[in-house]
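Enquirer: give me a 3D structure for the following:
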Amino acid sequence: MTTQDIAVSGETLELLRHVSTATLTTQLFKRGLRNVFLQGVAPLVKPAKGAPNLVGPAFTLRNIPAREDIDHLGVFQNPDHPQRKAVESAPPGSVLVQDCRGDRTVASTGSILTTRLKVRGVAGMVSDGCVRDSGTIGDIGLPLFCAGASAPLNLAKHHAVDMNVPIACGGVAVYPGDIVVGDVDGVVIVPRHMAEQVAKDAAEQERLEEFIAMRVEAGAALRGTYPPNEATLGEYAEWRNGRK
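Expert: Residues are numbered from 1 along each chain as shown. Next up, the predicted model:
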């Protein structure tokens with residue numbers, strides 16, 4: 001059985017839509033994973049307050065440096081060009097994740113390909129490169145996380161070679177089927193086999209931190225409150241039971 005064959009429940013995906021990437025990095029740190037947050041990648045459009053996170057399994061696309069004798073506009077006449085094929089192959093509900101080697105000088109997608117992803121039901125796209133047509137893409141409504149805006153087309157620097165293979169994005173290893181979570185801070189990669197327990201523990205961490213924040217706002221000192229001692233945990237248990 002491969003990693004992609006591990007089931008991730010709808011309940012888990014829903015929990016991940018409502019916990020922060022900050023909380024998830026803490027939960028993954030507890031499990032020994034320190035490099036899970038994509039560097040240099042941010043939402044193209046800041047999510048509205050309270051909006052659910054981008055969540056979905058990774059469908060990957062790897063780019064290598066372009067070469068002038070190969071990467072010319074004529075390659076797009078081939079419907080199986082890897083970039084176009086990835087846009088047509090990413091399953092509904094997945095997140096297309098592109099390895100652009102952190103190159104910010106050209107685009108990794110434009111408005112037409114982004115529109116096609118949305119129409120096909122893809123959940124969103126993540127790239128450690130830039131996008132062109134950024135103003136138009138911002139109006140399409142597909143959650144998109146990237147390194148910013150850049151007008152030159154991808155062929156000037158990128159040669160798409162492989163899809164749905166392990167890649168690097170923002171300095172993080174991304175394997176096909178890993179769970180991608182994006183919020184206002186950026187994107188975290190949750191290994192698929194950890195997703196169920198990480199989601200549950202993250203939701204519990206945020207409930208506890210909600211209680212702690214209330215205590216701090218009311219004037220409580222950090223000692224014994226954050227992190228909570230046994231007395232504070234006891235009070236939290238009473239508070240939580242009272243909310244059920």
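Enquirer: for the rest of this, base every contact and every neighbour count on C-alpha atoms.
Expert: Will do.
Enquirer: domains of this structure?
Expert: In the assignment given by automatic domain parsing, the structural domains of the chain cover 3-190, 198-243.
Enquirer: got those domains as JSON lines, with mean neighbour count and mean pLDDT columns?
Expert: Below are the domains of the chain laid out as JSON lines (neighbours: other Cα atoms under 10 Å; pLDDT from 0 to 100):
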{"stretch": "domain 3-190", "mean neighbour count": "19", "mean pLDDT": "97"}
{"stretch": "domain 198-243", "mean neighbour count": "14", "mean pLDDT": "96"}
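Enquirer: name the surrounding residues that touch whichever strand in the chain runs longest.
Expert: If you go by DSSP state E, the chain has its longest strand at strand 54-65. With Cα atoms under 8 Å, 6 or more residues apart in numbering as the test, strand 54-65 has contacts from 13, 16-17, 83, 86, 90-91, 93-101, 123-124, 143, 157-167, 174-183.
Enquirer: check stretch 144-159 too.
Expert: 40-45, 63-67, 71-73, 100, 102, 104-109, 124-134, 182, 186-187.
Enquirer: same check, this time on stretch 13-33
Expert: By Cα under 8 Å, 6+ apart, the list of residues contacting stretch 13-33 reads 34, 36-37, 52-56, 181-183, 185-188, 190, 198-203, 205-206.
Enquirer: redo that, cut-off 6 Å
Expert: For stretch 13-33, the external contacting residues (Cα atoms under 6 Å, 6 or more residues apart in numbering) are 52, 53, 199.
Enquirer: that older thread, helices - which of the contacts of stretch 144-159 land there?
Expert: Residues of these located in helices (DSSP state H): residue 134.
Enquirer: restricted to strands, list the contacts of stretch 144-159.
Expert: Assigned to strands by DSSP E, the following of the contacts of stretch 144-159 qualify: 42, 43, 63, 64, 65, 124, 125, 126, 127, 182, 186, 187.
Enquirer: determine which two of the residues you listed are furthest apart.
Expert: 65 and 182 (26.8 Å; Cα to Cα).
Enquirer: residue 29 in helix, strand or coil?
Expert: Each residue gets one of three states, and residue 29 gets helix by DSSP: H, G, I helix; E, B strand; the rest coil.
Enquirer: residue 185 versus that one, what's the distance?
Expert: Between residue 29 and residue 185 the computed distance is 17 Å (Cα to Cα, to the nearest Å).
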